[in-house]
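Peer 1: sequence isn't available, so here's the structure alone:
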C-alpha cells in the first residue's frame, strides 16, 4: 500500500468580513453578543469572554452549493454524503481565458491533456481562471470568463463528482436565469465557488477538502476549503 506524507496545506478561501461583497448584494454583518471588557466588569474580573452573532447569506464568499439551490427535489446540505467533501483534486488551467470569454469543451480538453489526467468521477474538478486576484473589485462578479451550457452538459456526461472554481459565477453574465447552475445542480453535481490561491497547486497532487455546515434544509454553506498537498 502506497504511503503519502503531507507536504503542505493551502488555504483556498477568501475571508468573511463585515459588509463583504456577494453576488446577491445581501447584508453580511457581525455584531458583539458579549465583550471581554463588559464581562470582566460585571464579574469583578473573574470572567472575560467575547462572542459575536453572524448575519450572512448561505451563498456568500467561498461557498458550497447543494442541489436544492435549483432543484426542489434535490439534496440539502445535511443529506449530502461526507465523502463528497474529501476527494483528490484535479486542477485544470484556464488562466488564458479573458473576461467575457466562454470556457469551451475544446478548452477543457486541452487543459485535461496538459494536466495528464482524465476529467471524470471520484475527484474534485477544479477550474482555475486566475480571477481571484480581482475578487472584491467593482464589477468582479460580471468581469470574468464563464462556463456555457454545452460545456456544463459535457462535464455532466463525464460524470464529474464535484465542480469547483475561483469564479464567483459560472454562468454567462448575460444569462440572468443561470442555466449552467441548473444543468449541474439538477444532475446532482454540487459546486464550490470563489476559491483562491489555486496558483499554489499548479503541477501538484493534492487532496481537496471542503466541508459545508450540516445545516438542515440548507441550499448552500460558506466553507473554508483547503488543499492537502501530498508527497
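Peer 2: Perfect, I can see it now. What you see is a predicted model; the values in this text were computed from it and never measured. Numbers count the residues shown, from 1 in each chain.
Peer 1: which helix or strand lies directly C-terminal to the longest helix seen in the chain?
Peer 2: Longest helix of the chain, by residue count under DSSP state H: helix 105-115. Heading C-terminal from helix 105-115, the first helix or strand you meet, by DSSP states H and E, is strand 124-128.
Peer 1: what is the orientation angle of that following strand with helix 105-115?
Peer 2: Counting by axes from the mean of the first three to the mean of the last three CA atoms, to 10 degrees, strand 124-128 lies at 110 degrees to helix 105-115.
Peer 1: now strand 124-128: mean pLDDT?
Peer 2: Across strand 124-128, pLDDT averages out at 98.
Peer 1: buried ones in the helix or strand following that strand?
Peer 2: Heading C-terminal from strand 124-128, the first helix or strand you meet, by DSSP H and E, is helix 149-157. Within helix 149-157, the residues scored as buried using 16 or more other CB atoms under 10 Å are 151-152, 154-156. C-beta: built from backbone N, CA, C; applies to glycine.
Peer 1: residues touching the spatially closest residue to residue 165 that is not a sequence neighbour, list them.
Peer 2: Computed as CB to CB, 6 or more residues apart in numbering, the closest residue to residue 165 that is not its neighbour in sequence is residue 127, at 4.1 Å. By CB atoms under 8 Å, 6 or more residues apart in numbering, the residues touching residue 127 are 92, 94, 103, 147, 163-167.
Peer 1: mind putting those residues in TSV, secondary structure included?
Peer 2: Listed next are the contacts of residue 127 as TSV, based on DSSP: H, G, I helix; E, B strand; the rest coil:
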residue	secondary structure
92	strand
94	coil
103	coil
147	coil
163	strand
164	strand
165	strand
166	coil
167	coil
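Peer 1: for these, which one is nearest residue 189?
Peer 2: Comparing the contacts of residue 127 against residue 189 with CB to CB places residue 163 closest, at 5.8 Å.
Peer 1: pLDDT value on that closest one, please?
Peer 2: Predicted confidence (pLDDT) for residue 163: 98.
Peer 1: for it, give me its contacts.
Peer 2: Applying CB under 8 Å, 6+ apart, the residues contacting residue 163 are 125, 127, 155, 170, 184, 189-192.
Peer 1: so for stretch 132-147, mean pLDDT?
Peer 2: pLDDT averaged over stretch 132-147 gives 95.
Peer 1: now tell me what touches that stretch from outside.
Peer 2: For stretch 132-147, using CB under 8 Å, 6+ apart, the contacting residues are 14, 20-21, 23, 94, 97-103, 127, 129, 131, 165-173, 180, 194-198.
Peer 1: and this protein, what are its domains?
Peer 2: 23-56, 58-230 (automatic domain parsing).
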